[in-house]
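1. Requesting a structural model of the entry that follows:
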Amino acid sequence: FHFNLTHPIPPPFTTKMSTSNIENNPPSEERPEKKNVKNHNKYRRPKPWDDDPNIDHWAVTPWDDDKDKLPGGSLLEESSFATLFPKYREKYLREVWPVVTAALDKHKIACELNLVEGSMTVRTTRRTSDPYIILKAR
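-> The predicted model follows:
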């Protein structure tokens with residue numbers, strides 16, 4: 001890409017109107033007004049469950065091991081997430097780590113605190129039956 005500096009830069013856009021332009025465009029009173037309103041819900045159609053008062057859209061249904069069975073009985077692969085934490089959080093994390101571990105054990109999730117690397121890891125186990133719980137455990 002090369003600039004040719006021998007030619008002058010063109011002048012900026014001007015708003016001068018020629019007489020021919022005025023003759024071709026009718027005055028604003030004669031032109032129909034255009035509304036610049038965007039319709040973001042163009043394809044959004046009302047659904048029967050939108051206004052149903054019997055449905056709680058914010059309710060989180062818990063995973064039931066008896067009712068919600070996985071086809072193989074358990075997850076096929078282990079999933080894990082790790083995150084780093086700053087050095088000043090180490091003392092606090094050591095204090096609350098037993099509480100975190102107990103809360104995750106209820107959901108059959110394993111967690112690991114690595115103070116050398118400064119990382120926390122959350123992973124599924126062979127007992128984990130809820131496939132979405134690892135995303136919630138992050």
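2. I'd assumed Val96 was in a helix, is it?
-> Yes. Counting by DSSP: H, G, I helix; E, B strand; the rest coil, Val96 falls inside a helix.
3. any idea how far it is from Glu112?
-> Note on Val96: its distance to Glu112, by CB to CB, to the nearest Å, is 15 Å. Placement of C-beta: from N, CA and C, glycine included.
4. can you check Pro131 too?
-> 21 Å.
5. which stretches of the chain form strands?
-> 80-84, 109-114, 119-124 (DSSP state E).
6. Out of the ones you listed, the one nearest Ile55 is which?
-> strand 109-114 (29.6 Å; CB to CB).
7. Check which residues of that closest one are buried.
-> Ile109, Ala110, Cys111, Leu113 (16 or more other CB atoms under 10 Å).
8. Out of the strands of the chain, which gets nearest to Ala102?
-> Once the strands of the chain are compared by CB to CB, strand 109-114 is nearest, at 10.1 Å.
9. For His107, which residues are in contact?
-> Thr128, Asp130, Ile133, Lys136, Ala137 (CB atoms under 8 Å, 6 or more residues apart in numbering).
10. go with 10 Å
-> Contacts for His107 (CB atoms under 10 Å, 6 or more residues apart in numbering) come out as Pro62, Trp63, Thr124, Thr125, Arg127, Thr128, Ser129, Asp130, Ile133, Ile134, Lys136, Ala137.
11. Leu93 now?
-> Neighbours of Leu93 in contact, by CB under 10 Å, 6+ apart: Phe85, Val100, Leu113, Leu115, Gly118, Met120.
12. could I get those as TSV with distance to Lys69 and pLDDT?
-> Shown next, in TSV, are the contacts of Leu93 (distance: CB to CB, whole Å; pLDDT from 0 to 100):
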residue	distance to Lys69	pLDDT
Phe85	36	94
Val100	28	94
Leu113	32	95
Leu115	38	93
Gly118	39	95
Met120	30	95
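13. Max pairwise distance over these: which two?
-> Val100 and Gly118 (15.9 Å).
14. how deep is Val122 tucked in, by neighbour count?
-> Residues within reach of Val122, counting by other CB atoms under 10 Å, total 20.
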